[in-house]
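Undergrad: structure for the following, please:
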Amino acid sequence: MTTAARVLGGRYEVGELIGRGGMADVHLGHDTRLGRQVAIKMLRSDLARDANFLMRFRREAQSAAGLNHPAIVAIFDSGEDEGLADGPHGARTTLPYIVMEYVDGQTLRQRLTDHQKLDPAEAIRVTEGILDALAYSHRMGIVHRDIKPANVMITSNGHVKVMDFGIARAIADTAATMTQTQSVVGTAQYLSPEQAQGHTVDERSDLYSTGCLLFELLTGRPPFVGDSPVAIAYQHVGELPQPPSVWNDAVGGDLDAVTLHALAKDREARYQDATAFRDDLENVRLGRRISAAALGTAAAVGAAATQTLPPAYAAPGAPTAVQPMVGAHPDRYQNTAGLPAVGYVEGDEAERRNGRGKAAFITLLVIALLALVGWGAVTWFGNQAPPTVPTVAVPALEGMKEDAAARALATINLRGQNTTAASTTVPE
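TA: Okay, here's the model as predicted:
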């Protein structure tokens, strides 16, 4: 005997279970009216009994349904079905559901499970797709609040699809703590510091979560791990993350800087919008200089930007592999935490040292030459004989008249000078 398929809203046939999360089950579905395959997400019955949650879920589901972007899993419809879930004491409970685009592919969580981590170029490409989706949703006034690998799909042809906008925000709006719902516990690794502290969440919280996701794509692990969600949340609030290159030496310093800037504790100090975050990732991919803000964050935690492949080496439309700086010494710097500060170039320092050595050598050479010249001059002049001065006998001129005395001196090539003075022997 064949059991008739469930039909929701008079048009959606519920098929096999294809996914299960902490708050909902996802079934393969068929839209009998349009003849297309869909995915149907039905909330758990314990959440469906919460009147406050139902009110917020309806509002958020309607907002998410208005999002239309190629990097966002489209929501086609939402509704509530009577009689599918048994309430307490046998009462029938209204069960909300969402009908959305069916994506043939796998989640990033599944991909990480299979591959542990992604190549840096692929991690950049995937994150750029996520940021494209967030830039659009933020412009539309929707904050995701639950960016994590399980909420990102990679289609069979490699396209990125972000999902669960409406549900994630509805849960956040219930002000659930980390111990109140399994869904919040499961996402502690991606909570922004403001979420962990119960503060108001905005689009920059999504960017922090995306930074956590990028970190995991590059390293195979979240930036913070702990024995409990509370321990992890404490680290989000009070501890600085290590650069991804500590865990993956294929990550360049510029990609370190971008990731760390997205993970800044103060939301005012991190990327202010998804476009700025994406632009820096594109700069890394194309070998261009990243933003001064990201460089400053890297310098503050001891990481340094390094060179990537220039655009000339990249095929059009293809991501550029991140490479270490030309002339770097991997044996000296096992990760970027040990690299010199931003603005320090090892080759330039060597040139400066060589220049200083040359200047010192030239100075010493000039001093030696001057000393040699001085010694030679003293020696030469000291060895010279004094010039010979001829002697001439001066005739006795006493008692001569002036003109006769002048003639007598002239005969021996002498010349006298006439001066008048009183005599003590000649009377006046």
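
Undergrad: what is the burial count for Glu402?
TA: Other residues within reach of Glu402, judged by other CB atoms under 10 Å, total 10. Just so you know, the C-beta spots here come from the backbone N, C-alpha and C atoms, and that holds for glycine as well.

Undergrad: for the closest residue to Phe224 other than its chain neighbours, which three-state class applies?
TA: Sequence neighbours aside, Gln235 is the residue nearest to Phe224 in space, at 3.9 Å (criterion: CB to CB, 6 or more residues apart in numbering). Following DSSP: H, G, I helix; E, B strand; the rest coil, Gln235 is assigned to helix.

Undergrad: doesn't Asp227 make contact with Gln235?
TA: No - using CB atoms under 8 Å, Gln235 makes no contact with Asp227, being 11.3 Å away.

Undergrad: so which of those two has more stuff around it?
TA: Gln235 (19 against 7).

Undergrad: look up how far Tyr190 lies from that one.
TA: Using CB to CB, to the nearest Å, we find Gln235 at a distance of 12 Å from Tyr190.

Undergrad: ditto for Asp81
TA: Taking CB to CB, one finds Asp81 at 31 Å from Tyr190.

Undergrad: likewise Ser245?
TA: Ser245 is 21 Å from Tyr190, by CB to CB.

Undergrad: how many neighbours does Leu207 have?
TA: 26.

Undergrad: my bad, Thr187
TA: Neighbourhood size, Thr187 [other CB under 10 Å]: 23.

Undergrad: contacts only, for it.
TA: Contact analysis of Thr187 by CB atoms under 8 Å, 6 or more residues apart in numbering lists Asp146, Lys148.

Undergrad: so for the residue nearest to Phe224, what's the pLDDT?
TA: On pLDDT, Gln235 comes in at 93.

Undergrad: cool, and Ala298?
TA: Ala298 is given a pLDDT of 84.

Undergrad: and for the one 3 residues further on?
TA: Confidence at Val301, expressed as pLDDT, is 75.

Undergrad: that one reaches Leu240, doesn't it?
TA: Yes - using CB under 8 Å, Val301 is in contact with Leu240, at 5.7 Å.

Undergrad: next secondary structure after the helix or strand bottoming out on mean pLDDT in the chain?
TA: Every helix and strand in the chain was compared by mean pLDDT, DSSP states H and E; the lowest is helix 182-186, with a mean of 38. Proceeding N to C from helix 182-186, the next assigned helix or strand is helix 193-196, under DSSP states H and E.

Undergrad: point out where the stretch 1-150 of the chain drops to low pLDDT.
TA: The model of the stretch 1-150 of the chain has pLDDT under 70 over residues 1-2, 22, 53, 56-57, 60, 83-92.

Undergrad: helices along the stretch 201-350 of the chain, start to end?
TA: 203-219, 229-238, 253-262, 274-286, 292-301, 346-382 (DSSP state H, counting those that start in this stretch).

Undergrad: distance to Gly129 added to those, as a markdown table?
TA: Listed next are the helices of the stretch 201-350 of the chain as a markdown table, based on distance: least, CB to CB, whole Å:
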| stretch | distance to Gly129 |
| --- | --- |
| helix 203-219 | 11 |
| helix 229-238 | 24 |
| helix 253-262 | 15 |
| helix 274-286 | 9 |
| helix 292-301 | 20 |
| helix 346-382 | 36 |
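
Undergrad: what sits closest to Ala39 if chain neighbours are left out?
TA: Tyr102 (4.5 Å).

Undergrad: my guess is the one you found contacts His30, does it?
TA: No - Tyr102 is beyond contact range of His30, at 9.7 Å (criterion: CB under 8 Å).

Undergrad: overlap in contacts of the two?
TA: By CB under 8 Å, 6+ apart, Tyr102 and His30 have these common neighbours: Gln37, Val38.

Undergrad: ranges for the helices of the stretch 51-200 of the chain?
TA: 51-65, 108-115, 120-139, 165-173, 182-186, 193-196.

Undergrad: closest to Arg44 out of the ones you listed?
TA: helix 182-186 (9.3 Å; CB to CB).

Undergrad: more neighbours: Val301 and Leu240, which one.
TA: Using other CB under 10 Å, the more surrounded residue of Val301 and Leu240 is Val301, with 18 against 14.

Undergrad: how near is the more buried one to Lys265?
TA: 11 Å.

Undergrad: what's the overlap in contacts for the two?
TA: In contact with both Val301 and Lys265: Leu240, using CB under 8 Å, 6+ apart.

Undergrad: neighbours of the nearest residue to Ser78 once chain neighbours are set aside, how many?
TA: Leaving aside its chain neighbours, Ser78 sits nearest to Ala61 (4.1 Å; criterion: CB to CB, 6+ apart). Using other CB under 10 Å, Ala61 is surrounded by 21 other residues.

Undergrad: state the distance from Ala61 to Met55.
TA: For Ala61 relative to Met55 (CB to CB), the value is 11 Å.

Undergrad: what do you get for Val26?
TA: Relative to Met55, and taking CB to CB, Val26 is found at 23 Å.

Undergrad: same deal with Ala196?
TA: Using CB to CB, one obtains 26 Å as the distance from Ala196 to Met55.

Undergrad: equivalent analysis for Asp46, please.
TA: Distance check for Asp46 against Met55: by CB to CB, it reads 16 Å.

Undergrad: Glu16: neighbour count?
TA: Counted with other CB under 10 Å, Glu16 comes out at 7.

Undergrad: quick one: residues contacting the nearest residue to it once chain neighbours are set aside.
TA: For Glu16, ignoring the flanking residues on the chain, the nearest one in space by CB to CB, 6+ apart is Leu28 at 5.3 Å. Listed by CB under 8 Å, 6+ apart, the contact partners of Leu28 are Gly15, Glu16, Ile18, Gln37, Ala39, Ile40, Tyr102.

Undergrad: quick one: buried ones out of those?
TA: Buried members of those, counted by 16 or more other CB atoms under 10 Å: Gly15, Ala39, Ile40, Tyr102.

Undergrad: from those residues, which single one is nearest Asp206?
TA: Ala39 (22.7 Å).

Undergrad: what's in contact with the helix or strand hosting the closest one?
TA: Element membership for Ala39 (DSSP H and E) is strand 36-43. By CB under 8 Å, 6+ apart, the list of residues contacting strand 36-43 from outside reads 8, 12, 14, 18, 23-31, 57, 76, 84, 95-103, 167.

Undergrad: cutoff 6 Å now
TA: 12, 14, 24-27, 29, 31, 96-100, 102 (CB atoms under 6 Å, 6 or more residues apart in numbering).

Undergrad: who does that strand pair up with?
TA: In the sheet, strand 36-43 lines up against strand 24-31 (antiparallel), strand 92-101 (antiparallel) (DSSP bridges).

Undergrad: buried residues in the helix or strand that that strand is followed by?
TA: Tracing the chain C-terminally past strand 36-43 and defining elements by DSSP H and E, one meets helix 45-48 next. For helix 45-48, the neighbour count (16+ other CB under 10 Å) marks Leu47, Ala48 as buried.

Undergrad: okay then, goodbye and thanks.
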